[in-house]
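Q: got a sequence here, can you model it:
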Amino acid sequence: MTGPGHRRPGLLSRRVVGAVALAVALLAAVLPGGVAAAVPSAGADLGPNVLVFDPGMPQSDVQAAVDAVSQRQVDNEMGTQRYALLFKPGVYGSVAHPLKFQVGYYTEVAGLGQSPTDVTINGSVDVFNRCLAANNCIALDNFWRSLSNLSINPTGGSGCRTNTEFWAVSQAAPLRRVNITGNTTLMDYCTAGPQYASGGFIADSATAKSIVNGSQQQFYTRDSSIGGWSNGVWNQVFSGVVGAPAQSFPKPPYTTLATTPVSKEKPYLYLDGSGAYNVFVPSAERDSKGTTWQAGPTPGRSLPLSTFFVAHPSDRIAKINSALAQGRNLLLTPGVYDVARSIAVQRAGTVVLGLGLATLTAQDGAVPLTVADVQGVDIAGLTIDAGPVESPALLRVGTPHAKGGPHVASAADPTALQDVFFRIGGPHLGKAATSLEVNSDQTILDHIWAWRADHGTGVGWTQNTADTGVVVNGDDVTATGLFVEHYQKYNVVWNGERGRTVFFQNELPYDAPDQAAWQHHGVNGWAAYKVADRVQTHEAWGLGSYIYTNVNPSLHAANAFEVPVASGVRMHDLVTVSLNKAGTIDHVINGAGDPVTPTYQGPSDVVAYP
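A: Here you go, the predicted structure:
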């Protein structure tokens, strides 16, 4: 049998033959924009932009479909199209005929097995540099895409791309539950220079060989097993990673924790033995190390897709809220949803899962998504955009703390946000005072990117206005992989007690016109990460903040990090850098640490504070 992979010997079932015939017929047509369709999602209306592949399909059809999506999306940075490419259990490609394709913007690639080893791609699923000019090939803007829940046996290619998986990405481009049996690189070293990259996030994954970090300025790897790590630039952080390099910050700049304090893996769609769709919700873990799946099945619970309201961009928000109020979970199919009234999660244990980086866009100053004062909620796989009328927040988790009154919360059943991304400007004008407001206690923030746009549409100091990226009011909140950039005041404000952050990446705003516009109470600039003065206990590891004030290179920020002086507040492995000779950070933290300036760009390091 020709095609992408193996099947058990014997005749194909009528169902598979019918699916292949249907796929061939569909591939003769095209979706709007010239993207060929694959097998539609049997038993569930996941929308036209979810392409489901079967190992019985001819490989030429699979290749044509994934290439069509890639060609549309590889440069579609601010577009509205969203795609999910889902692979049923089986083997795709071979050493002789590998399946190789690029992953562009707003594209999710995922296996539909319950374990990453249920789907194998012989070939590679790649992200390469974008060459914006002949001598300007970079990965610095390779955002908003994902790869998860499958195995890759890197094979094929030629020259320096031979037998290698390339994942040259920056923010909002996670690898989760991926098993890579061969060479893996996070840098595309095969194009013209400068080949810069600014990632990134890996979790619950395994690589048989050492990972090439290369030009990645920073990267966070959590609860994985790796064959090694090649090098560091400014801030490479590992927690719960088997095979991670030893703690050595700042030379080389490795921050290594033996375990992750608390973690909860992202829910994922899969097919059970009968071919029915389910969503698996992994359990929370404490002091985790290694993958959840190599030593046995991932702990957690399965939810039939029948327990979900499967939403499409054309659905009214009132209809979505009615389903949530009736106890349904929520699956958002790929697309852009205009939200003029909050999508309201009110039931404990609700799962909200986006496919294909489903995007919620605020209308009329709404808060697009709110979570009531309940425990055990999962919000995963979403992008949330501000609209032209200012929103007070884009996602609000829990209600504000009553004076002296604790929230409903459980360490054993925490609320978790996984792969949730925020944008103020970029695709269009946007304004929001705060992007993410966390009021609930015992919340996990696992891979958050809050971005006030520095390029795109509606970008400027008085246009895409946004004070703060993340405000944490809840107690016992843990952030694992927190990326917050370009906000006009404090980028992060942490008011809750016993907060923890493992890995933080920040750029201060580029576009302040003068020092008078970017200062407060006689202090130049605003810190990237502010722990409130009254907080008694807080701890963080592996934090980096960079300055690039290209509109006015003379600007100063007094400190990148501000924390109270208290015995329970401890900060580990902090770094600052001045980029491209524009802007000065006078101190790393609370007046400690050497300045970085246009003439001394750094890095400047503080290993421990106090």
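Q: quick one: the helices in this structure?
A: Along the chain, counting by DSSP state H, helices occupy 14-27, 59-73, 317-325.
Q: quickly, which of the ones you listed bottoms out on average pLDDT?
A: Among those, helix 14-27 has the lowest mean pLDDT, at a mean of 35.
Q: gap between Asp573 and Val237?
A: 8 Å (Cβ to Cβ, to the nearest Å). All C-beta atoms are positioned from the backbone trio N, CA, C, and that covers glycine.
Q: between the two, tell me which one has more neighbours.
A: More crowded of Asp573 and Val237, by other Cβ atoms under 10 Å: Val237, with 29 against 25.
Q: hey, what's the more buried one bridged with?
A: Tyr220, Thr255 (DSSP bridges).
Q: that one touches Ala540, doesn't it?
A: No: with contact defined as Cβ atoms under 8 Å, Val237 and Ala540 do not form a contacting pair (10.6 Å).
Q: any residues in contact with both of those two?
A: Among the neighbours of Val237, those also in contact with Ala540 (Cβ atoms under 8 Å, 6 or more residues apart in numbering) are Val502.
Q: where does the chain have low pLDDT?
A: 1-43, 402-406 (pLDDT under 70).
Q: contacts only, for the closest residue to Val50 other than its chain neighbours.
A: The shortest distance from Val50 to any non-neighbouring residue, by Cβ to Cβ, 6 or more residues apart in numbering, is to Ala84 (4.6 Å). By Cβ under 8 Å, 6+ apart, the contact list for Ala84 reads 46, 49-51, 107-110, 334, 355-356.
Q: save those as JSON lines, and put in neighbour count and distance to Arg130 too.
A: Output for the contacts of Ala84, formatted as JSON lines (neighbours: other Cβ atoms under 10 Å; distance: Cβ to Cβ, whole Å):
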{"residue": "Leu46", "neighbour count": "24", "distance to Arg130": "29"}
{"residue": "Asn49", "neighbour count": "24", "distance to Arg130": "22"}
{"residue": "Val50", "neighbour count": "22", "distance to Arg130": "26"}
{"residue": "Leu51", "neighbour count": "28", "distance to Arg130": "23"}
{"residue": "Thr107", "neighbour count": "29", "distance to Arg130": "14"}
{"residue": "Glu108", "neighbour count": "26", "distance to Arg130": "19"}
{"residue": "Val109", "neighbour count": "23", "distance to Arg130": "18"}
{"residue": "Ala110", "neighbour count": "25", "distance to Arg130": "23"}
{"residue": "Pro334", "neighbour count": "25", "distance to Arg130": "22"}
{"residue": "Leu355", "neighbour count": "24", "distance to Arg130": "25"}
{"residue": "Gly356", "neighbour count": "28", "distance to Arg130": "20"}
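Q: could you dump those into JSON lines with distance to Ala592 added?
A: Below are these laid out as JSON lines (distance: Cβ to Cβ, whole Å):
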{"residue": "Leu46", "distance to Ala592": "52"}
{"residue": "Asn49", "distance to Ala592": "50"}
{"residue": "Val50", "distance to Ala592": "51"}
{"residue": "Leu51", "distance to Ala592": "52"}
{"residue": "Thr107", "distance to Ala592": "43"}
{"residue": "Glu108", "distance to Ala592": "42"}
{"residue": "Val109", "distance to Ala592": "44"}
{"residue": "Ala110", "distance to Ala592": "44"}
{"residue": "Pro334", "distance to Ala592": "47"}
{"residue": "Leu355", "distance to Ala592": "45"}
{"residue": "Gly356", "distance to Ala592": "45"}
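Q: strands - which of the residues you listed land there?
A: Judged by DSSP state E, these include 50-51, 107-110 as members of strands.
Q: surely Val565 is in contact with Pro610?
A: Yes: using Cβ under 8 Å, Val565 is in contact with Pro610, at 6.6 Å.
Q: and the two? Which one has more around it.
A: Using other Cβ under 10 Å, the more surrounded residue of Val565 and Pro610 is Pro610, with 12 against 9.
Q: residue contacts, that one?
A: Shown in contact with Pro610 (Cβ under 8 Å, 6+ apart): 565, 569-570.
Q: try Asp287
A: Taking Cβ under 8 Å, 6+ apart, we find Asp287 in contact with 259-261.
Q: and it, how far from Ala258?
A: 8 Å.
Q: for Phe483, same thing?
A: Distance of Phe483 to Ala258, given as Cβ to Cβ: 24 Å.
Q: so which of these two has more stuff around it?
A: Phe483 (28 against 12).
Q: wait, isn't the more buried one in contact with Trp449?
A: Yes: with contact defined as Cβ under 8 Å, Phe483 reaches Trp449; the gap is 4.2 Å.
Q: please enumerate the shared neighbours of these two.
A: Common contacts of Phe483 and Trp449 (Cβ under 8 Å, 6+ apart): 171-172.
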